[in-house]
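Asker: Next one to model:
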Amino acid sequence: MNYNKSAKEIVQFIGGKDNVVSAAHCATRLRLVLADSSKVELKSIEDVEGVKGIFESAGQVQIIFGTGVVNKVYEQFLIETGIEGASKSDIKQVSASKLPWYKQAIKALGDIFVPIIPAIVASGLIMGLLGGLSNLNPELANNDMFMILSLFSNAAFVFLPILIAQSTAKTFGGNQYLGSVIGMIMIHPDLMNAWAVASAETIPTASVWFGMYNIDLVGYQGHVIPIVISVWFMSMLEKKLHEIVPEMLDLFVTPLTTVVVTGYVALTIIGPVFVTLENGILSFMTALLAIPFGIGAMLCGAIYAPTVVGGIHHMYNALEAGMLSATGFNTWMPIATAANVAQGGAALAFAMKTTNQKHKALAVPASLSAFLGITEPAIFGVNLRFIKPFIAGCIGGAAGALTSGLLNVSATAYGITGLFGILIANNIFHYIIVMAVSFAVAYVTTIILYKEETEN
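Answerer: Numbers count the residues shown, from 1 in each chain. Down below sits the predicted model:
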C-alpha cells in the first residue's frame, strides 16, 4: 500500500494538521488527540487504504491499521503534520486531561484496578482449581498440600486493600510505599477483622476528634472505595507538602506528616463515611442482580456494551473486587462474558452476511477477539458502524445474562472474560451455556435484522 497517500488522507479527514494535538501508535492503532473531534470525517477515513476501523475512546481518536502497517503510516503522518511523536503514556495524559471530570474519575478506576488483575487472576485460578478438586474428592481438604495451596488462593483477597492502596498511589502520583502503609493501617491486626463483626458480641470503639464522636475500631477488609479515597487524599497531601516544605526537611517532615494525617483522617472520617457509600452501591447492585427470574442480570447484560462505548466499563473492576472481597463470588464476570460473546456473535453473523470483502475481513478477526474478551474491534470496527449488529449484540448479551442469573453462575476472580473465563468459573458447564445462549441469540438476531442493501 501507499503509506504516504494514506497518511495524507488521514490528515485531511481529521481536520488538517492544525487540529492535531498529539499522536502516537500502539501495535495496531494510530492514536490521535485532536483539538476538535467534530471535524473528523468518519466515513471518509474508513475508506482510506489500510484502515480497518476507527473509533473514539478516552479522548483519543483511534484508527486501526494492524500490526506492521500502523508504524509505517505513523512515520508518514509525522512528516505530513510536522509534529513530534509521543509515547502512549504521553498521549494518554494529554487525552485524559480533555475528558469530562466523570470520565476522568472512571478512567482513574481503570488505572487503579487493571494492574491488580494478574494477582487476582492468580489467586482466583488457584481457588477455582481447589474448589473443583474438593468437589470431586472432599477428603482433599485434609491434605497438607491442599491446605498450603488454599493459603495461596486467598492471599490476594486477604491483603487486597494493600494492593489497591499501592496502585492508587501510583495512579495519583503519590509514593507507592506510603500508599501501602495507609492500606496496612486500614487492615491492621489491632483493628477487629471486618469479617468477624457479624459474629462479635461487642465491637471496640474509640473517641476521636477531641471527644466529638466515637468510631468502631474495625478494619476495612473487603472494602474498596474507602481505600481508594484515603490514598487519593494521601497523594494530594504528599504532593502539596513537597511544594511547601523546605528541601532540607522534606525527607523527614513530608512522610511523617503524610502518614499521621492521612491515617487519622482515613480511620475517623473517610473510612466511616465511604464504607457506608460502598455498602450502599454493593447492596444496590446485589439487589439488582437478585431481581427474580434473572431480570436484574438481564438488564445489566443489555447495558454492558453501551457502557463500553461510553468508556465507563472500567468501573466494573471496582464492583467485582468488592464482590470478591465481601462474598468470595463474582457474579458480574459471567454477565460481562455474555455481553462480550454476544458482540462477537453479532460481528461473525455480519461477516457471514455481508458481501463487502473488506468488511468481512475486518469482522471475522474482530469477532474472534470478542470471544476472548476484547470487544473494542467488534464494537467500534463493525457493530456500531452498522447499528443493527450492535443492537443484536445487546439483545444477545441480555439473553446470556438472563441465563447466568437463572443458573447462578459466578467466578472466583475478575479480569478474564470470554473463553478464558472458563478457568475461573465456578460452574464450567453452566458458564458454557451462558456463552452459547449469548452467541446464538446475537447471531440469529443479526441475521434477521441486518439487510445489506439498506445498511451498506
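Asker: Need the CA coordinates for stretch 246-262. PDB is fine.
Answerer: Provided in PDB are the C-alpha atoms of stretch 246-262 (Å, rounded to 0.1, in the frame of the first residue of the first chain):
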ATOM      1  CA  PRO A 246      12.000  23.200  52.600                       C
ATOM      2  CA  GLU A 247      14.200  20.600  50.800                       C
ATOM      3  CA  MET A 248      16.400  20.000  53.800                       C
ATOM      4  CA  LEU A 249      13.400  18.900  55.900                       C
ATOM      5  CA  ASP A 250      11.300  17.300  53.200                       C
ATOM      6  CA  LEU A 251      12.700  13.800  53.700                       C
ATOM      7  CA  PHE A 252      11.600  13.800  57.400                       C
ATOM      8  CA  VAL A 253       8.600  16.100  57.600                       C
ATOM      9  CA  THR A 254       6.700  15.000  54.500                       C
ATOM     10  CA  PRO A 255       6.400  11.200  55.000                       C
ATOM     11  CA  LEU A 256       5.700  11.700  58.800                       C
ATOM     12  CA  THR A 257       3.000  14.300  58.300                       C
ATOM     13  CA  THR A 258       1.500  12.400  55.400                       C
ATOM     14  CA  VAL A 259       1.100   9.100  57.200                       C
ATOM     15  CA  VAL A 260      -0.100  10.600  60.500                       C
ATOM     16  CA  VAL A 261      -2.600  13.000  59.000                       C
ATOM     17  CA  THR A 262      -3.900  10.600  56.300                       C
END
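Asker: what's that stretch in contact with?
Answerer: 175, 178, 181-182, 185, 230-231, 233-234, 237-238, 241-242, 245 (Cβ atoms under 8 Å, 6 or more residues apart in numbering). C-beta here means a position set from N, CA and C on the backbone, and glycine is covered the same way.
Asker: quick one: contacts for F159?
Answerer: F159 neighbours (Cβ under 8 Å, 6+ apart): I187.
Asker: cool, Q76 as well?
Answerer: Q76 touches Y3, N4, S6, A7, K8, counting by Cβ under 8 Å, 6+ apart.
Asker: Would you check which pair of those lies furthest apart?
Answerer: Y3 and K8 (9.7 Å; Cβ to Cβ).
Asker: When these two are compared, which one has more neighbours?
Answerer: Set side by side, Y3 and K8 show more neighbours around Y3, with 19 against 16, by other Cβ atoms under 10 Å.
Asker: where does the more buried one sit relative to A23, distance-wise?
Answerer: From Y3 across to A23, the span is 15 Å (Cβ to Cβ, to the nearest Å).
Asker: just to revisit the earlier point, for T355, state which of the contacts of stretch 246-262 is nearest.
Answerer: Nearest member of the contacts of stretch 246-262 to T355, counting by Cβ to Cβ, is V231, at 54.2 Å.
Asker: Quick check: V11 touching F77?
Answerer: Yes: the pair V11 and F77 qualifies as a contact (Cβ atoms under 8 Å) at a distance of 6.8 Å.
Asker: Could you check which of those two has the larger neighbour count?
Answerer: Ranked by neighbour count (other Cβ under 10 Å), V11 and F77 place F77 first, with 27 against 19.
Asker: Identify the residue spatially nearest to that one, adjacent ones excluded.
Answerer: A7 (4.4 Å; Cβ to Cβ, 6 or more residues apart in numbering).
Asker: And V341, by the same measure?
Answerer: S438 (4.4 Å).
Asker: quick one: what helix or strand has that neighbour in it?
Answerer: helix 428-449 (DSSP states H and E).
Asker: mean confidence for that helix?
Answerer: When pLDDT is averaged along helix 428-449, the result is 96.
Asker: got it, and stretch 397-415?
Answerer: Per-residue scores along stretch 397-415 average to 91.
Asker: just the CA coordinates of that stretch, formatted as PDB?
Answerer: This file holds the C-alpha atoms of stretch 397-415, laid out as PDB (Å, rounded to 0.1, in the frame of the first residue of the first chain):
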ATOM      1  CA  GLY A 397     -26.000 -10.000  26.000                       C
ATOM      2  CA  ALA A 398     -29.300  -9.600  27.800                       C
ATOM      3  CA  ALA A 399     -30.300 -13.200  26.900                       C
ATOM      4  CA  GLY A 400     -27.000 -14.600  28.100                       C
ATOM      5  CA  ALA A 401     -27.000 -12.600  31.300                       C
ATOM      6  CA  LEU A 402     -30.600 -13.700  32.000                       C
ATOM      7  CA  THR A 403     -29.300 -17.300  31.600                       C
ATOM      8  CA  SER A 404     -26.500 -16.500  34.000                       C
ATOM      9  CA  GLY A 405     -28.900 -15.100  36.600                       C
ATOM     10  CA  LEU A 406     -31.200 -18.100  36.400                       C
ATOM     11  CA  LEU A 407     -28.300 -20.600  36.700                       C
ATOM     12  CA  ASN A 408     -26.500 -18.500  39.500                       C
ATOM     13  CA  VAL A 409     -23.200 -18.500  37.600                       C
ATOM     14  CA  SER A 410     -20.200 -16.800  39.300                       C
ATOM     15  CA  ALA A 411     -16.400 -16.700  39.200                       C
ATOM     16  CA  THR A 412     -13.500 -16.800  41.700                       C
ATOM     17  CA  ALA A 413     -11.700 -13.800  40.200                       C
ATOM     18  CA  TYR A 414     -12.000 -10.900  37.800                       C
ATOM     19  CA  GLY A 415     -10.100  -9.600  34.800                       C
END
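Asker: my guess is V382 contacts A363, does it?
Answerer: Yes: counting by Cβ under 8 Å, A363 is a contact partner of V382 at 4.7 Å.
Asker: Which neighbours do those two have in common?
Answerer: Between them, V382 and A363 share these contacting residues under Cβ under 8 Å, 6+ apart: A347, F350, A351.
Asker: can you list those residues in JSON lines and add pLDDT, secondary structure and distance to A318?
Answerer: Formatted as JSON lines, the shared contacts of V382 and A363 follow (pLDDT from 0 to 100; DSSP: H, G, I helix; E, B strand; the rest coil; distance: Cβ to Cβ, whole Å):
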{"residue": "A347", "pLDDT": "93", "secondary structure": "helix", "distance to A318": "28"}
{"residue": "F350", "pLDDT": "95", "secondary structure": "helix", "distance to A318": "33"}
{"residue": "A351", "pLDDT": "93", "secondary structure": "helix", "distance to A318": "35"}
